[in-house]
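Visitor: quick one, fold the following:
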Amino acid sequence: MRTSPLRIAWSVALAGLVSLVLPRTSEACTICFGDPSSPMAMGTSWGILFLLCVTFGMLGAFGYFFLYLVRRSRMALGEQSEAGSTQAPGSV
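Guide: Numbering: from 1, shown residues only. Now for the predicted structure:
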């Protein structure tokens, strides 16, 4: 069963309206809203930092891998064009 985009838009609009009319229901949880120096909040902050480091590390590794592939392909194409230019004209 597919949900129509119009129904999704109405659901989002209704959720936004409810959060504006009843702001108490859209407050942060007790961990985020409470003491920022509590052990639970510090653990949450370190967990978020760790996950960001893993995410950016993986994105950086993918980016480096694709740059490596581009460099290797340019090097291989350069060797092929140099090998092709050393042949005498008229020889196949």
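Visitor: what's the burial count for A41?
Guide: A41 is flanked by 15 other residues according to other Cβ atoms under 10 Å. (C-beta placed from N, C-alpha, C; glycine too.)
Visitor: pLDDT value on it, please?
Guide: We have a pLDDT of 80 for A41.
Visitor: swap in the one 3 residues further on?
Guide: At T44 the predicted local distance difference test score is 86.
Visitor: which secondary element of this structure has the worst mean pLDDT?
Guide: When the helices and strands of the chain are compared on mean pLDDT, DSSP states H and E, helix 30-33 comes out lowest with a mean of 62.
Visitor: toward the C-terminus, what is the element adjacent to that one?
Guide: Proceeding N to C from helix 30-33, the next assigned helix or strand is helix 39-85, under DSSP states H and E.
Visitor: report all helices and strands that that following helix contacts.
Guide: helix 30-33 (3 or more Cβ pairs under 8 Å, 6 or more residues apart in numbering; DSSP states H and E).
Visitor: how about stretch 5-21: buried residues?
Guide: By neighbour count on 16 or more other Cβ atoms under 10 Å, the buried set for stretch 5-21 is empty.
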